[in-house]
Each structure stands twice: as structure tokens, then as C-alpha cells.
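> sequence first, predicted coordinates after that:
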Amino acid sequence: MKPGEGRERLFRRIAGRTDELVALTQDLIRIPTVNPPGDAYTSCAEFIGDRLAGRGFQVTYRRGEGTPGDSDRYPRTNMIARIEGKRPGPCVHFNGHIDVVAAGRGWTMDPFAGAVRDGKVYGRGACDMKGGLAAAIIAVESILEEGVDFPGALEISGTVDEESGGFGGVAFLAKEGFFSRPRVDHVIIPEPLNVDRVCIGHRGVWWAEIETHGRVAHGSMPFLGNCAVRHMGCVLERIEAQLIPRLSQKRTAMPVVPEGARQSTININSIHGGLGEDYDGMPSPLVPDSCRMVIDRRYLIEEDEREVRREIVDILEALKTTRPGFAYGLREVLAFPPTMTDPNGPVVRAISAEIERVLGRPATQVVSPGTYDQKHIVRIGHLEDCIAYGPGILDLAHQPDEYVVIEDMVNAAKVMAAAALTLLAGGGR
Ligand SMILES: [Zn+2]
């Protein structure tokens, strides 16, 4: 059999399994793995694990014990399935997170029913990323059903907590060696970045909490106190007047999508000031002695974390010298540097070539505005050859009436299957 013929047969098999791909996506959506708190993780992990074990995979479960949110009620259950080829060779790993964000408001249907309408599967997680995970599973199963004699190994993992930082999921597994050589060589994460795009990395993130301090006094005599909320108002004013214009000047060579994210950004995530932990709308006649603000700073590969931090510290220190009674604290909440794999690396080349073959148009390389589990694979697993590629439409992630297009899932499954075979054969170089 010629290689081209083999590919066409594989593609026909995948297309012939469209109904099964839809059913699998629906089954996954119907397990409401909402995070937080991390519901139904074990049911979902075991659902995938049982299916793959029945097809000859060696299935391992690892609980992210002691990681944020892990408890006996909400265990962080991860599933890793592996099947060996007939000869030694590289390993291609497909990693999907099984957690979804809360349904939220605005749905016109049951978010956990998995309704099929007009060639789309609807539901929380359809796009981000149960549709992608289902496509990867069908891709790998189809390779096995075709009886392709491949070297190396294929792996599929279903991991938890991506939506809350991935500590109990990919980060935990990476620390245990599941995302390092020699066990794994190439990783594809079917996150929703659109069926014709290869996502080679993401911007960095730096979350911090700023607190301004003051002194309590009677609200009728504010001059006797020191108002922490007014101090925070000045911090906000400096961010608005100085920092945001400066950030918009910082442009990146990273191909970030959407275009608006091709610069440095800051989001004022939340602000809490005033007295009383359980504010219920009833004011208390007091001058507040504390105000806290969380900022969510996304940065570029051309910047570094010290610079990002210093920009904020400079604003705070300047206020300290110019504004009487100004005192502050700064607490770093979370930080991950930007990451970008080699755009000419094996996995990028293999996936790009198949996108062009399957869709008849060239692949676009993109970088994600927000982070995903690639950071843990690169930083903890020291594995660079990792990308995100999946069928979902990026803009639909986390939205009400989220869906995945069935034709996109079938095409993504073809791309993933054919690219995996290229990589197993040592290609894509
Ligand atoms: Zn996701």
C-alpha cells in the first residue's frame, strides 16, 4: 500500500465514524465536570479510561493529591492511556483537559444535554474542549482500527483543572515525568484555536493583588482618618493615565490572535474596599482602612517578569513619595512566562502539512492571548515540541450556547491522525 492510499483510507474511516464522534462528544458534555469545584472528574476520567482500556490501551489514573481544590469529595483524577506500536520509536501524546467552566447565564438550552442542531454539538465544554478531546480519541482509535503498523507509542490523557491553572492536572503529571522524554516526544493539545490554525504558544501572565492601607475614623470626619479607597483611586488613575498607554505601545512579534492582544494588556480584575467582610449593601459610617485590587497583566515574549513587576512598583513608590499617608502592600498571586515553540519544529510542521491537505488551504500559526497547559509541559516537563490544535472556535469558549461544528471535529480528527503517523515515523522535521 502506498502512503497516500493509506492516508485516504484512514480519512474515510474517520469520516465513517462521524456519528460515533458526535456521540462521544455528547457523552463527555453530559458529565458535568464543572470547575470550580471540580465535579465529576473521576466519572469522566473513568469513562474515557474504560473506553480506551477496552481497546487495548494501558490506562493509568493519577490523583493530583494535595493540589488546590483536591479533596475526597472533589478528587483531582487524571487519566493517562498508552498503546505501544510494534517497534520502538517516538511517542505522540494528545492531552485534553476534562474540566469546564460554570455554565453561567444566557443559555437558550440545557448546557449539559449535548444537543445536536444544524451540524453542531452544543453544550458547556463542546468547544473548550470536549469536542477536541473526542476528535483526538477518534483519531487514535482509527489508526488502531486501520491496523497501521506504527513504531513508538500513542498516548491520550484526560486531565483536570486547566481552567484553574492546571496544578492538579498537567502540572502534577509533568512533575511525575508524564510529559518528559524519553516517555513522550510530541504533544498536541486540542484546545479550541480553530480547525485551520496551529497555536504555537501563549502570552505570559502576572496576577497580583495591590492593597492600600489607611486608618479608620468616623465617616462624618474623614479628615481624622486616612482613606484607603482614595489612595487606590490614585493608583487606578496612574494605571489609566500612564501604564495603559505605555502597554499599548508594546507590540509583539508573536502572532497573537485576536489582533487586539498583539500588545501588552492589563485587566483590573476586582476591587474591594471598605469595612466589613460581608458587605450587603448597607453602608457603615467609617473611613475604610484597606482597599484591595487584583490586576491581571498579560505580557509578551519581548518583556520579562521583572519589568512587568517593576512598572507597578514604580507607580506605587512614586505615590508613596508624593501622596501623604500613602502605604501599600503588593502580593503576587500567579505568574507564568510566555512560551512559544519552534515554528519549524516537528509537531508544527506535521500538523500544518495535514491542515493544508485536509482543508485545502494553508495553516495559520497563532499564539493564544491567554495561557493553557503548554506552560507546564515546557517548564516542568522540559518538552518544547508542544502545540495546541483543535476543532473548536476560540471566540465561543466560555460563552453561553457554546458549540462545536461537527465537520470541524471530523477534519481535526483527520489532521491529528495523519500528523501523528508522520511524527511516529520520525517525520515533520
Ligand atoms: Zn480549554
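Perfect, thanks for sending it. Numbering: from 1, shown residues only.
> show me what contacts the closest residue to the ion within the stretch 251-400 of the chain?
Nearest residue of the stretch 251-400 of the chain to the ion: Tyr372, at 5.9 Å (C-beta to the ion). For glycine as for every other residue, the C-beta is placed from the backbone atoms N, C-alpha and C. Listed by C-beta atoms under 8 Å, 6 or more residues apart in numbering, the contact partners of Tyr372 are 162, 166, 189, 191, 202, 388.
> could you check how far it is from Arg51?
Distance, Tyr372 to Arg51, using C-beta to C-beta, to the nearest Å: 24 Å.
> if we can go back for a sec, need the contacts of Tyr372 in a markdown table with neighbour count and secondary structure, can you?
Conversion of the contacts of Tyr372 to a markdown table gives the following (neighbours: other C-beta atoms under 10 Å; DSSP: H, G, I helix; E, B strand; the rest coil):
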| residue | neighbour count | secondary structure |
| --- | --- | --- |
| Glu162 | 27 | helix |
| Gly166 | 27 | coil |
| Ile189 | 28 | strand |
| Glu191 | 27 | coil |
| His202 | 27 | strand |
| Ala388 | 28 | strand |
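> secondary structure class for Ala81?
Classification of Ala81 using DSSP: H, G, I helix; E, B strand; the rest coil returns strand.
> what's the answer for Gly233, then?
helix.
> rewinding a little: so which pair among the contacts of Tyr372 is furthest apart in space?
Gly166 and Ala388 (13.1 Å; C-beta to C-beta).
> can you count the residues close to the closest residue to the ion within the stretch 101-250 of the chain?
Of all residues in the stretch 101-250 of the chain, Asp128 sits closest to the ion, at 4.1 Å by C-beta to the ion. When neighbours are counted by other C-beta atoms under 10 Å, Asp128 registers 27.
> I'd say it and Gly392 touch.
Yes. Asp128 is in contact with Gly392 according to C-beta atoms under 8 Å; the separation is 5.9 Å.
> joint contacts of these two?
The contact lists of Asp128 and Gly392 share 191-192, where a contact means C-beta under 8 Å, 6+ apart.
> quick one: pLDDT of Gly281?
pLDDT recorded at Gly281 is 75.
> A helix includes it, no?
No. In this structure, Gly281 is coil, not part of a helix, as judged by three-state DSSP.
> what's the burial count for it?
If you count neighbours by other C-beta under 10 Å, Gly281 ends up with 4.
> from Arg297, how far out is it?
Gly281 is 31 Å from Arg297, by C-beta to C-beta.
> same question for Gly119.
From Gly119 to Arg297 the distance is 40 Å (C-beta to C-beta).
> and for Leu28?
Going from Leu28 to Arg297 by C-beta to C-beta gives 34 Å.
> which one's more surrounded, these two?
Neighbours were tallied for Leu28 and for Arg297 using other C-beta under 10 Å; the higher tally belongs to Leu28 (27 against 24).
> how about the more buried one, secondary structure?
Leu28 - assigned by three-state DSSP - is helix.
> who's in contact with the spatially closest residue to it that is not a sequence neighbour?
Excluding its sequence neighbours, the residue lying closest to Leu28 (C-beta to C-beta, 6 or more residues apart in numbering) is Lys130, at 4.0 Å. Neighbouring residues of Lys130 by C-beta under 8 Å, 6+ apart: 25, 28-29, 96, 98, 100, 123.
> which of the residues you listed fall within helices?
25, 28-29 (DSSP state H).
> what is the nearest of these to Ala417?
Once C-beta to C-beta is applied, the member of the ones in helices among the contacts of Lys130 that ends up nearest Ala417 is Thr25, at 16.7 Å.
> hang on, the closest one packs against Gly132?
No. Look at Thr25 against Gly132 with C-beta under 8 Å: they stay out of range, at 9.3 Å.
> any common contacting residues for those two?
Jointly contacting Thr25 and Gly132 under the rule C-beta under 8 Å, 6+ apart are 404, 409.
> okay, these two: which has more neighbours?
Neighbour tally, Thr25 and Gly132, criterion other C-beta under 10 Å: the higher count belongs to Gly132, 34 against 28.
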